[in-house]
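J.: sequence and predicted model, in that order:
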Amino acid sequence: MKHRILGLFALATLLVGIFSCNQKTESSKSTPEELAAGFQLLEANCFTCHSPRGSIESRIAPPMIAIKKHYIDENTTKEEFTKDLVAFVSHPSEDISKMPGARRKFGLMPQMNFSEEQLTQIAAYLFETEIEAPDWFEEHYKQERKRHGKTTTSLTPLEQGKQFAMATKAILGKNLLSAIGTKGTAGAVEFCNTKAIHLTDSMASAQGVKISRVSDQPRNSNNTATGSLIEPINKFKASLSSGQTPSGASIIYNGKLVHVYPIITNTMCLQCHGEKETQIKPETLKKLDVLYPTDQATGYSENELRGIWVVEMD
Ligand code: HEC
Ligand code: HEC
């Protein structure tokens, strides 16, 4: 009798245990609102680089489906996936990377500022939704967009263009820093000369948008700001010199709507764009003189307008 009672008790405990486990997995399923938020965050912040669009050669980061495959197997729980995703994206590092191949091909993902809350929502969406196998993207992306995209938190074109510009900046900046690190400043000039435009173009074709950098004092004359691009440059300069931080503008250029954003110098830039005698080293200057005989992009100091991003979307 005593054994029977103990047995029943054990069974009951076990059942309660199983039941509460079930409850736990049930309650961690996202609501439609949470999924919508995750989708929008992903679209605004991650598809800028992790888009499956564009050719394989023009990719600048692995598509999300590849990431999912490396992060999730049949035993991975949503909580584990969320933890891993938050850990990596908050502080990308080789130690915790699960994709050495992608790292070799694209270089480590640049560090950007996403909150843990945003990343948790993104993780939930990724975990619970079938995403972007190449045909997924074409067929379902539009539907998902209709379903989740049209809410008040959707980005305006000006904000969306800014995401593209900032992602391109992150990619360029990361590659520039690693070129300076491995080849020195003079060596990195060649990187800018051959790779900057290529990277910007790759970024653009991965997004299905056009992105360029132009300046009123260009180093490369192909990057000269012309026509209606001069006006926002002057406005951004005026706002910088009055102590404000300009953010962006939408204008008509060559008959098309484009979005423009300021490119502002920091100390790092001055080793190639600063004063010739004091800030740019002789060997760097020698490289610049050979590659850019008509260089106008020197003499800058910190926190000045170096040029603008020009983003054209469909
Ligand atoms: C500026 C471009 C860029 C943006 C924007 C970006 N990523 Fe990445 N990401 C990369 C690159 C490049 C890699 C491949 C190199 C690597 O693995 O570090 C990568 C790799 C990853 C990996 C795999 C890391 C590993 O090695 O294990 C995860 C996870 C990831 N990204 C998540 C995200 C999420 C989530 C977002 C949006 C919040 C995002 N990324 C936005 C460029 C970007
Ligand atoms: C290692 C040297 C180097 C550093 C450091 C550097 N640049 Fe440049 N920059 C170049 C070269 C070379 C070009 C010309 C690229 C080309 O031929 O398209 C260039 C071009 C540009 C352009 C395009 C317009 C033009 O003048 O042709 C912008 C904008 C720009 N740089 C901004 C910056 C900013 C902002 C920084 C700092 C965050 C920076 N650069 C740091 C070497 C450098």
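T.: Cool, the structure landed. Ligands and ions are numbered 1, 2, ... in the order given.
J.: tell me where the model's unsure across the stretch 201-314 of the chain.
T.: Within the stretch 201-314 of the chain, the segments meeting pLDDT under 70 span 202-203, 205-207.
J.: mind giving me the packing neighbours of the strand or helix carrying G181?
T.: Assessed by DSSP states H and E, G181 sits inside helix 157-207. Applying 3 or more C-beta pairs under 8 Å, 6 or more residues apart in numbering; DSSP states H and E, one finds that helix 157-207 makes contact with helix 32-45, helix 47-50, strand 210-214, strand 249-253, strand 256-264, helix 270-273, helix 282-291, strand 305-312. Where C-beta positions appear, they are placed from N, C-alpha and C, glycine not excepted.
J.: list the helices and strands the third one packs on?
T.: If contacts are counted by 3+ C-beta pairs under 8 Å, 6+ apart, strand 210-214 sits against helix 157-207, strand 305-312.
J.: what about 10 Å?
T.: Packing contacts for strand 210-214, counted by 3 or more C-beta pairs under 10 Å, 6 or more residues apart in numbering; DSSP states H and E, involve helix 157-207, strand 256-264, strand 305-312.
J.: centre of the chain to the last one, how far?
T.: Averaged C-alpha coordinates place strand 305-312 at 17 Å from its chain's average position (C-alpha atoms, centre = their mean, to the nearest Å).
J.: name the helices or strands packed onto that strand?
T.: Right, strand 305-312 is packed against helix 157-207, strand 210-214, helix 230-241, strand 249-253, strand 256-264 by 3+ C-beta pairs under 10 Å, 6+ apart.
J.: and of these, who's closest to ligand 2?
T.: Taking C-beta to the nearest ligand atom as the criterion, helix 157-207 is the member of these that comes nearest to ligand 2, at 3.3 Å.
J.: do that closest one and ligand 2 meet?
T.: Yes - contact of helix 157-207 with ligand 2 (C-beta under 6 Å from any ligand atom) involves L176, I180, T185, A188, V189, C192, N193, A196, I197.
J.: quick one: neighbours of the closest residue to the fifth one other than its chain neighbours, just the number.
T.: It refers to V189. Nearest residue to V189, sequence neighbours excluded (C-beta to C-beta, 6 or more residues apart in numbering): K287, at 4.4 Å. Neighbourhood size, K287 [other C-beta atoms under 10 Å]: 20.
J.: my read is that S178 contacts G107, right?
T.: Yes - in this structure, S178 is within contact of G107 by C-beta atoms under 10 Å, at 6.3 Å.
J.: quick one: C49 from A225, how far?
T.: 26 Å (C-beta to C-beta, to the nearest Å).
J.: my bad, F106
T.: As for F106, its distance to A225 is 30 Å (criterion: C-beta to C-beta).
J.: more neighbours, those two?
T.: More crowded of F106 and A225, by other C-beta under 10 Å: A225, with 22 against 17.
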